[in-house]
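A.B. asks: fold the following, please.
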Amino acid sequence: METLALPLLIGLIGVALLFDFLNGLHDAANSIATVVSTRVLSPRNAVLLAAFFNFIAFLFFGLHVATTIGRGIVSADVISPAVIFAALMGAIVWNVITWRFGIPSSSSHALIGGLAGAGIAAAGLDAIVASGLTKTAVAIVVSPTVGFLLALVIVLIVSWTFSRATPFGVDRVFRTLQIASASLYSLGHGGNDAQKTMGIIAVLLFSQGYLGETFYVPFWVVLSCQFCMAFGTLFGGWKIVKTMGSRLTDLKPVHGFCAETAGAITLFMATGLGVPVSTTHTITGAIIGVGASRRASAVRWGLARGILVAWIVTMPASALVAWIFYELTRLF
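C.D. replies: Residues are numbered from 1 along each chain as shown. All right, here's what the predicted structure looks like:
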């Protein structure tokens, strides 16, 4: 196992935290798109709220997702500084491309694709932990589906509960409740997404002998990752906010509440089970579910198909970029 000099190790951890920052920047839309598009909160207040709940998420969740990323995608025997660097660069490059064009792709799957691509470049297909990658692949389908179905159920419950209320009364109630649902979704977002970078840094430290014989996530890694994700969220990804919050379907506060609540429940369950799901996929499924609950034509299906293509392409695209970067590291 190659050993890094301390300055290079610190630099590589810095690259991981840069990815975490970009994750927050890219995925800020997941937390704030609905609450901004319904005009319940201004963009500034929305990102402050999301960043706060992103940061404190470690107080509420275990670190099961970090363990899955650290040891459940690529065999620990294959992990090296070159593999970690290539995986991170694969995810970073793909995130920057999709952020630049306002495409709501998954930062999580970009990282997982990057890990898989770098691992295969280093040791072939034997590098892949089939059970972990399969769990992630299944989640690509399951998380938006669960978000979609939960959104339909919540819309039904809300519609029945407020069937005799005036539109003005419903709007007033849910302008308050949507702040709570946006907070819960941001909590779930921070709980699932920040752990992915924690897993990367922890497995790097483990491969270098800094964690001893037992894999775990040091507390300073937890705090650093939560902070960088929250800091990235403060900068927001406004093109993606527009796509998620207004172009996919028209939302009112009651719809935003239903979508965010469905997404939050899905993320809480996934994080508890240690499944690294895509927060982008989850909230998109929930938003489509809310739109479809009114009428099928309320959803802009052409845009939804474009988002679906981005989901399918993300893992192989980031894997290819990671494979290229791994090959480049062999030149030095």
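A.B. asks: got any ranges where this protein has weak pLDDT?
C.D. replies: 1-2, 28-31, 102, 104, 236-250, 295-307 (pLDDT under 70).
A.B. asks: where do the helices sit along it?
C.D. replies: Remark: helices assigned in the chain by DSSP state H are 6-37, 43-56, 64-71, 81-100, 107-123, 130-161, 167-207, 219-235, 238-242, 253-273, 279-294, 301-329.
A.B. asks: starting at the chain centroid, how far to the longest one?
C.D. replies: Between the centre of helix 167-207 and the centre of its host chain there is 9 Å, according to Cα atoms, centre = their mean, to the nearest Å.
A.B. asks: same deal with the last one?
C.D. replies: Chain-centre distance of helix 301-329: 15 Å, with Cα atoms, centre = their mean.
A.B. asks: name the residues of that helix that come out as buried.
C.D. replies: By 16 or more other Cβ atoms under 10 Å, the buried positions in helix 301-329 come out as 304, 307, 310-311, 313-315, 317-326, 329. Backbone N, C-alpha and C define where each C-beta goes, glycine included.
A.B. asks: now the angle between helix 107-123 and it, please.
C.D. replies: 30 degrees (axes from the mean of the first three to the mean of the last three Cα atoms, to 10 degrees).
A.B. asks: against which helices or strands is helix 301-329 packed?
C.D. replies: With contacts taken as 3 or more Cβ pairs under 8 Å, 6 or more residues apart in numbering; DSSP states H and E, helix 301-329 sits against helix 81-100, helix 107-123, helix 279-294.
A.B. asks: buried stuff in the second one?
C.D. replies: Okay, so that is helix 107-123. Going by neighbour count (16+ other Cβ under 10 Å), the buried part of helix 107-123 is 107-123.
A.B. asks: output it as CSV, nothing but the C-alphas.
C.D. replies: The C-alpha coordinates for helix 107-123 follow below in CSV (Å, rounded to 0.1, in the frame of the first residue of the first chain):
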residue,chain,number,x,y,z
SER,A,107,-23.8,14.2,-6.5
SER,A,108,-24.1,11.0,-4.6
HIS,A,109,-24.1,8.8,-7.7
ALA,A,110,-21.4,10.9,-9.2
LEU,A,111,-19.2,10.0,-6.2
ILE,A,112,-20.2,6.3,-6.3
GLY,A,113,-19.6,6.2,-10.1
GLY,A,114,-16.2,7.8,-9.5
LEU,A,115,-15.3,5.3,-6.9
ALA,A,116,-16.4,2.4,-9.1
GLY,A,117,-14.5,3.8,-12.2
ALA,A,118,-11.3,4.4,-10.2
GLY,A,119,-11.5,1.0,-8.5
ILE,A,120,-12.0,-0.8,-11.8
ALA,A,121,-9.1,1.1,-13.4
ALA,A,122,-6.9,0.1,-10.5
ALA,A,123,-7.8,-3.6,-10.1
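A.B. asks: chain center to it: distance?
C.D. replies: 16 Å.
A.B. asks: and that helix, what does it pack against?
C.D. replies: helix 6-37, helix 64-71, helix 81-100, helix 130-161, helix 167-207, helix 279-294, helix 301-329.
A.B. asks: ok, which of those helices comes nearest Leu234?
C.D. replies: Leu234 lies closest to helix 6-37 among the helices and strands packed on helix 107-123, at 7.8 Å (Cβ to Cβ).
A.B. asks: and that closest one with helix 167-207, angle?
C.D. replies: Using the same axes, to 10 degrees: helix 6-37 against helix 167-207 is 170 degrees.
A.B. asks: shift numbering so it begins at 46
C.D. replies: From this message on, residue numbering opens at 46, which makes the last subject helix 51-82.
A.B. asks: can you add distance to Ala239 and give the helices and strands packed on helix 346-374 back as JSON lines?
C.D. replies: Listed next are the helices and strands packed on helix 346-374 as JSON lines, based on distance: least, Cβ to Cβ, whole Å:
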{"stretch": "helix 126-145", "distance to Ala239": "14"}
{"stretch": "helix 152-168", "distance to Ala239": "11"}
{"stretch": "helix 324-339", "distance to Ala239": "11"}
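A.B. asks: which of those sits closest to Ala111?
C.D. replies: Here helix 152-168 is closest among the helices and strands packed on helix 346-374 (Cβ to Cβ), at 12.0 Å.
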